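# quick one: sequence plus predicted model below, questions after.
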Amino acid sequence: MAMRPCSEADLAECVRSAASPLRIAGGGTRAIGVTAGEVLETGGLSGVSLYEPGALTLVAGAGTPLAEVEAVLAGEGQRLAFEVPDLRALLGRTGVSTLGGVVAANASGPRRVQVGACRDSLLGVRFVDGRGDVIKSGGRVMKNVTGYDLVKLMAGSRGTLGVLSEVSFKVQARPGAEATLCAEFALAPGVAAMGRALGSPYDVSGAAWVGGEVRVRVEGMAGSVAYRSAALAAVLGNEVRVVTGAQSAALWREVRDVGPLGGLDGPLWRVSVKPSDAPALVEGLEAAVMLDWGGGLVWICGPGDVRARVAALGGHATLMRGEGVVFPPESAAVARLSAGLRARFDPRGILNAGLMG
Amino acid sequence: MDMPIPNAAILGGKARIVARLAAVLPADAVISDPAETRAYECDALAAYRCAPLAVVLPRTTAEVAAALRVCHELRVPVVPRGSGTSLAGGAMPTADCVVLGISRMTAVLDTDYPNRFVRVQAGRTNLAVTGAVEGEGFFYAPDPSSQLACAIAGNIAMNSGGAHCLKYGVTTNNLLGVTLVQMDGTVVEFGGPWADAGGLDLLGLVCGSEGQLGVVTEATLRILPKPEGARPVLIGFDSSEVAGACVSDIIKAGILPVAIEFMDRLLIEVCEDFAKAGYPDCEALLIIEVEGSDAEIDEQLAAIIGIARRHNPVEVRESRSEAEAKRIWLGRKSAFSAIGRLSDYMCLDGTIPVSALPLVLRRIGELGAEHGLRVGNVFHAGDGNMHPLILYDANKPGDLEICEALGAAILKLCVEVGGCLTGEHGVGIEKRDLMGVQFSGPDMEAQMRVKDVFDPGWLLNPAKVFPLEISAGRRAG
């Protein structure tokens, strides 16, 4: 039976007294890779403990459902800036995404090109390390360089260094308006067009290539959105269709959740490369492809020597679904440091053991 | 402020250590003459000084690795140094250390506009990074006020911020990759010109680690297209509380200025006296800058002024031209020179939740009165990063100690209201002994374990960040 601590102190006791490996579970919506052990659920550590709309900060238990947080923020016209993907349809999962899982996966959506990843909005964490010690890093203020930045280290560490108990975020006000420019482009010219848009002064908040169409988004005050839409149409160059409001938002939910690749069979890759390398990465592949982050994030579903291609170009490929090694290979020196950190934070090797190396 | 007793064996072995360094580095890259090493005795925290055993000034990553291998083998502590502009003593030497300065490593290695990054040697100054890309309409966003002098290596070590980080983030949000040399000479790459690490975020861990995990020799930095224009508005209020409430309302309304700067009466008067910028006679003043096309700027400023009017400002001055914009910024930008002309001062760097601004400003005034010293406030209000300036007289016996006690009391206050000791300057030696105010034993132990992994012998900048009594068992010698 799964353990489900209801307080940070309970969580610490669960880890301290664990006699065998633990498999850390948030909502189970975005976990990848293989690890074994008794299930330790974080769902009992739930609830928003502090929300100051005027300071753009929110603090919540790691097991708080993402949907609950989004609803609380929406009540004040705010949101998480990094646009959390919902990968349930893509990965064939059910369950309820939790805030801790979002952080553990550093899950970040299309707006990453403008505001950064989950880790860039994350102000602080509390977690229980593999010894059962409660540790905090960061806090709830926007600027904080006091001590080492374990906040960044915990983001994306997938429960291998500690079990998150509480997270705090910088949040963002919802803009008054948004618009998306859609234009037909083949992949390589599409990447170049997105590069022109992102290299313009028009503050693009999304740039994706979906099924032969480039989508470029701007958000902000109504007058500004209209002005920048017109300016970007000229930058893109092709015939442009402008979509606004709820229709624009729907287009970006599709990009965020990798909708076009849902329901397809075969290995599923999530690849980070230099945007200009995206065309070479997928050239000649018999696979479905979607680009986000101006081409810097490449989703590939289908057969192909993806990891060899990434090794030649530079970047990272994560196997989100399929047979093979899940996480990207590391250089010997990086692997040694990562292993050293895991050994220090989790000396008994009981937290999601073997998941990341 | 205590520093460890220098290791007598290292002091006595100076000739041998210098000879070993000279054997692996070019002749002009090793400095050991006390007349010359004195130039490295302090950084911008100039109240504390100590000349190092020797200084090395390598030109390449290979030379950095060679120097570190020698020091590692001989177990000599190394203090990395960018441009020496740290306000926290991050580059302050000890008598038994080798200062490793990377001021000669200034080259631009790669500029890539389609992918929007630049790769530089880490000794290049912050402003010279922008200088390398502004011809193509790009800039590097973090802008610490020392940006003319400070090195990217130091920015990475301290995770530096600046006036414009409200919109663009601090160094860690703009850093894509580094080449790092570990203490044992191992050269390792973290990140690169693509988004997101594949495994653990070691890049994020290194940024802000105050030169204790390794020496950064090269950095890949995100560059951004320059906005079409920028203009500020100046708003005066008859109380600091009201100014703070106005800041909160602007942020909550969803307007994202690039900067919201705050000055209190003392600073307004001192700056006006110095710069004659035409500031109003009032208790608190905000300078709020927005970016975009002319029409976009007008749209945002109109919204900001609409919010400000609800708080009954004593003055609203909107800039209509570049000349007017410059005049508004003139006083703020000369704040530190103006104060420096008036008095010795200590600049603090705590961050607080924006909601606590009125309370903290009032308490700072009370604490100043209790200690008998004047405190002025000029800071980045949008993100709660306070810069209280404590005025004292360095020539008056005991005044520095009172000033430091007041500084500690103010920083404790910042932590009490939910903030932190340092928002952008770093811990260094200055806030080292206050770490226990913000962190528990296990919190600090977890951080020190990170250093154990990167630098098991604790030879890199060892007497910084962590209180000496808790790092004693780990430090060499």
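It's in. Residues are numbered from 1 along each chain as shown, chains lettered A, B, ... in the order given.
# most centrally placed residue in chain A?
residue A:107 (1.6 Å; CA atoms, centre = their mean).
# report the secondary structure state of that one.
Here residue A:107 is coil, with the state taken from DSSP: H, G, I helix; E, B strand; the rest coil.
# distance of it from residue B:216?
With distances taken as CB to CB, to the nearest Å, residue A:107 is found 28 Å from residue B:216. Every residue, glycine included, has its C-beta placed from N, CA and C.
# tell me the pLDDT of the spatially closest residue to residue A:288 that is not a sequence neighbour.
Leaving aside its sequence neighbours, residue A:288 sits nearest to residue A:301 (CB to CB, 6 or more residues apart in numbering or on different chains; 4.6 Å). In this prediction, residue A:301 carries a pLDDT score of 98.
# still on that earlier bit, contact partners for the residue nearest to the centre of chain A?
A:30, A:84-85, A:87, A:101, A:118 (CB atoms under 8 Å, 6 or more residues apart in numbering or on different chains).
# now swap in residue B:157 and tell me
B:80, B:82, B:90, B:208-211, B:216, B:426.
# hang on, it in a strand?
No: assessed with three-state DSSP, residue B:157 is helix; it does not lie in a strand.
# is there proximity between the top helix by length along chain B and chain A?
For chain B, the helix with the greatest residue count under DSSP state H is helix B:399-416. No: using CB under 8 Å from any CB of the partner chain, helix B:399-416 stays clear of chain A, coming no nearer than 8.7 Å.
# for the stretch 251-357 of chain A, what spans make up the helices?
With helices called from DSSP state H, counting those that start in this stretch, the stretch 251-357 of chain A shows them at A:278-282, A:306-313, A:332-345.
# okay, the ones you listed in TSV with mean neighbour count and distance to residue B:235 next?
Shown next, in TSV, are the helices of the stretch 251-357 of chain A (neighbours: other CB atoms under 10 Å in any protein chain shown; distance: least, CB to CB, whole Å):
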stretch	mean neighbour count	distance to residue B:235
helix A:278-282	21	46
helix A:306-313	17	51
helix A:332-345	18	47
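# re the thing from before, looking at the contacts of residue A:107, which is nearest chain B?
residue A:118 (9.9 Å; CB to the nearest CB).
# so the closest one touches residue A:100, yeah?
No: with contact defined as CB atoms under 8 Å, residue A:118 does not count as touching residue A:100 (11.4 Å).
# between these two, which has more neighbouring residues?
In this view residue A:118 and residue A:100 are compared by other CB atoms under 10 Å in any protein chain shown, and residue A:100 has more residues nearby, 31 against 25.
# and the closest residue to that one other than its chain neighbours, what does it touch?
Among residues not flanking residue A:100 along the chain, residue A:62 sits closest, at 3.0 Å (CB to CB, 6+ apart). Going by CB under 8 Å, 6+ apart, residue A:62 touches A:26, A:42, A:45, A:98-100, A:103, A:163-167.
# tell me the one of those residues nearest chain B?
Once CB to the nearest CB is applied, the member of those that ends up nearest chain B is residue A:103, at 11.4 Å.
# what helix or strand does that closest one sit in?
Here residue A:103 sits within helix A:99-104, counting by DSSP states H and E.
# tell me, how many residues neighbour the residue lying closest to residue B:139 once chain neighbours are set aside?
Nearest residue to residue B:139, sequence neighbours excluded (CB to CB, 6+ apart): residue B:130, at 4.6 Å. Residues lying near residue B:130 (other CB under 10 Å) number 19.
# for residue A:214, which residues make a bridge with it?
Here residue A:214 sits in beta bridges with residue A:183, residue A:209, going by DSSP bridges.
# who's in contact with it?
Neighbours of residue A:214 in contact, by CB under 8 Å, 6+ apart: A:181-185, A:190, A:193-194, A:207-208, A:236, A:238.
# and the closest residue in space to residue A:53 that isn't next to it in sequence, how many neighbours?
Leaving aside its sequence neighbours, residue A:53 sits nearest to residue A:76 (CB to CB, 6+ apart; 4.2 Å). Residues contacting residue A:76 under the criterion other CB under 10 Å number 17.
# now do residue B:317
19.
# again with the one 5 residues further on
By the criterion of other CB under 10 Å, residue B:322 has 11 neighbours.
# now swap in residue B:320 and tell me
10.
# next one: residue B:11
By other CB under 10 Å, neighbour count at residue B:11 equals 12.
# give the helix, strand or coil label for it.
Under three-state DSSP, residue B:11 comes out as helix.
# any idea how far the most centrally placed residue in chain B is from chain A?
By CA atoms, centre = their mean, chain B has its centre lying nearest to residue B:425, at 3.3 Å. As for residue B:425, its distance to chain A is 7 Å (criterion: CB to the nearest CB, to the nearest Å).
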